[in-house]
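Trainee: Here is my input; please provide its structure:
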Amino acid sequence: MWRRYRRAAFLLQAAALTGLPFLYVNGESALRFDISGLKLHFFGTVLWINEFHLVLAGFVFLVLLFAAVTVVFGKVWCGWLCPQTVLLELAGWMSAGVSPKPRPVVERAVLLLLSAVVSFTAISYFVPPSEAAARLFRGGTVTAFFAVTGGAVYAVTAVLGRSFCRSVCPCSMLQSALFDGDTMVIAYERGRGCTGCNRCVEVCPVGLDIRRGAARECIACAECIDACATAGSGRDGVLPVGYRGRVKRPKALVFAAVALSSGVAFILLLSARPALDFTVTRDARQAAGGVNSYMYTVRNNRNERLRLRLSVDGPFELIGAAEMQIGPYEAGSGRVMVKALDGAGMVVFVIEAGRTRIERRAGFL
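Mentor: Numbering: from 1, shown residues only. Alright, predicted model coming up:
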């Protein structure tokens, strides 16, 4: 029965998306964007705002992976992993034991509760969960975000429901554009002993009759296949409705290769990050009497506290703090003055942390 596999996929996806902010690695959420610090906590490491190209590379990989999977398996996202599908299915399972008359009311109540959980989880991707819980009903930005997000999720699931999938869902339209004649779809094959019980129509969440042929609105949930198997349809052990398509073909291999290459590129970019990032800029407004002012920023990409020493090379004298400490995945900044001992030129700033030595050049006027 396909439903059992879909339920397992639902629960795994729900656990992953809901649990990531609450899973701590190196003392921080496994995945959370720190708005105040402008940095992304990513499974034990940190990506700073000036490293946005890494986030973009990861996003490109996910988009290409989505396209590759769609080319082969069709709308597996819609029927198996889409958050809206997951919420609607969970609400249906949780209210399955209720009698038919009050069941719609119970389902809406469950969807309201699930919408609140989704909204709080979304907040936890930006605010530490403990802080989000403390600020949830105190008014302000967190409360407003919780209300607006929860209301939007409830409107899409409980009010629009499957009509959203059939009409305006951009993801559904995009997936249909990637289809070809060999993409895995659920199809009906005449002459396979259909009993005419209409069970496939009754269980279809988007209200389709698979016997009339494939339709763009189909979300490939396989409910019709399970219903057909339960009704005992079919001939020679083959059901009249089922997944049809071909996995191994040139187009699928091309998309898979492109997605794999983008994933490798993302990993290489991530592994090539320096353990210490150091930038220096001259403040032209503070140049007078043979003394220039410079602003510097140091970012620690290690999971350890670093003791840093700042110095300058050449005929220059550093005026200001020369040593500092920066905690794990933290940033430090400051201002120093540099005095020329012999004319002008380029100042070579040196930052040292143990065996790590980084040089940056800046002009001197």
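Trainee: Please enumerate the strands of the stretch 201-350 of the chain.
Mentor: Using DSSP state E, counting those that start in this stretch, the strands found in the stretch 201-350 of the chain span residues 241-244, 276-288, 291-300, 306-313, 316-319, 323-326, 331-340, 345-353.
Trainee: Quickly find the element holding residue 90.
Mentor: helix 83-94 (DSSP states H and E).
Trainee: now the lowest-mean-pLDDT helix or strand in the chain against strand 345-353, angle please.
Mentor: Ranking every helix and strand in the chain by mean pLDDT, DSSP states H and E puts strand 276-288 at the bottom, with a mean of 82. Computed by axes from the mean of the first three to the mean of the last three CA atoms, to 10 degrees, the angle separating strand 276-288 from strand 345-353 equals 140 degrees.
Trainee: my guess is residue 143 is in a helix, correct?
Mentor: Yes. Assigned with DSSP: H, G, I helix; E, B strand; the rest coil, residue 143 falls within a helix.
Trainee: Go ahead and confirm it touches residue 133.
Mentor: No. Using CB atoms under 8 Å, residue 143 is not in contact with residue 133, being 11.9 Å away. All C-beta spots, glycine's among them, are computed from the backbone N, C-alpha and C.
Trainee: Would you mark the buried spots in the helix holding residue 90?
Mentor: Residues of helix 83-94 classed as buried by neighbour count (16 or more other CB atoms under 10 Å): 84, 85, 86, 87, 88, 89, 90, 91, 94.
Trainee: Please enumerate residues in contact with stretch 152-164?
Mentor: 84, 87-88, 91, 107-108, 111-112, 114-115, 118-119, 205-207 (CB atoms under 8 Å, 6 or more residues apart in numbering).
Trainee: Out of those residues, which end up buried?
Mentor: 84, 87-88, 91, 107-108, 111-112, 114-115, 118-119, 205-206.
Trainee: what's the farthest-apart pair in those?
Mentor: Within the buried ones among the contacts of stretch 152-164, 119 and 206 form the most distant pair, 25.7 Å apart (CB to CB).
Trainee: so who does residue 243 touch?
Mentor: Taking CB under 8 Å, 6+ apart as the criterion, residue 243 is in contact with 184, 185, 186, 187, 220, 222, 225.
Trainee: Relative to residue 36, how far out is the residue nearest the centre of the chain?
Mentor: In the chain, the C-alpha nearest the mean C-alpha coordinate belongs to residue 59, at 7.8 Å (CA atoms, centre = their mean). Distance, residue 59 to residue 36, by CB to CB, to the nearest Å: 23 Å.
Trainee: again, but for residue 62
Mentor: According to CB to CB, residue 62 and residue 36 sit 26 Å apart.
Trainee: Ok, residue 362 next?
Mentor: Taking CB to CB, one finds residue 362 at 28 Å from residue 36.
Trainee: which of those two has more neighbours?
Mentor: residue 362 (18 against 7; other CB atoms under 10 Å).
Trainee: Any idea what the more buried one is bridged to?
Mentor: residue 347 (DSSP bridges).
Trainee: so who does it touch?
Mentor: For residue 362, the contact set (CB under 8 Å, 6+ apart) comprises 280, 281, 282, 294, 346, 347, 349.
Trainee: List just the nearest of the buried residues of helix 83-94 to residue 70.
Mentor: residue 85 (15.3 Å).
Trainee: Correct me if wrong: the closest one contacts residue 79.
Mentor: Yes. Contact status for residue 85 versus residue 79: in contact at 6.4 Å, counting by CB under 8 Å.
Trainee: so what sits against both of those two?
Mentor: In terms of CB under 8 Å, 6+ apart, residue 85 and residue 79 are both contacted by the residues 219, 221.
Trainee: circling back to that earlier point, tabulate the strands of the stretch 201-350 of the chain (a markdown table), appending distance to residue 1.
Mentor: Below are those laid out as a markdown table (distance: least, CB to CB, whole Å):
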| stretch | distance to residue 1 |
| --- | --- |
| strand 241-244 | 13 |
| strand 276-288 | 53 |
| strand 291-300 | 52 |
| strand 306-313 | 56 |
| strand 316-319 | 73 |
| strand 323-326 | 56 |
| strand 331-340 | 53 |
| strand 345-353 | 58 |
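Trainee: weakest of the ones you listed by average pLDDT?
Mentor: Mean pLDDT is lowest for strand 276-288 among the strands of the stretch 201-350 of the chain, at a mean of 82.
Trainee: Neighbouring strands of that one in the sheet, and parallel or not?
Mentor: Assessed with DSSP bridges, strand 276-288 is paired to strand 291-300 (antiparallel).
Trainee: Show me what the partner strand is in contact with.
Mentor: By CB under 8 Å, 6+ apart, the list of residues contacting strand 291-300 from outside reads 48, 275-283, 285-287, 306, 308, 310, 319, 324, 326-340, 347, 349, 351, 362, 364-365.
Trainee: Mark which of those residues are buried, thanks.
Mentor: By 16+ other CB under 10 Å, the contacts of strand 291-300 give 48, 276-278, 280, 282, 306, 308, 310, 324, 326, 329-331, 336, 338, 340, 347, 349, 351, 362, 364 as buried.
Trainee: Distance of the nearest residue in space to residue 301 that is not next to it in sequence relative to residue 324?
Mentor: Spatial nearest neighbour of residue 301, excluding adjacent residues (CB to CB, 6 or more residues apart in numbering): residue 275 at 5.3 Å. The spacing between residue 275 and residue 324, counted by CB to CB, is 16 Å.
Trainee: Many thanks, we can stop here.
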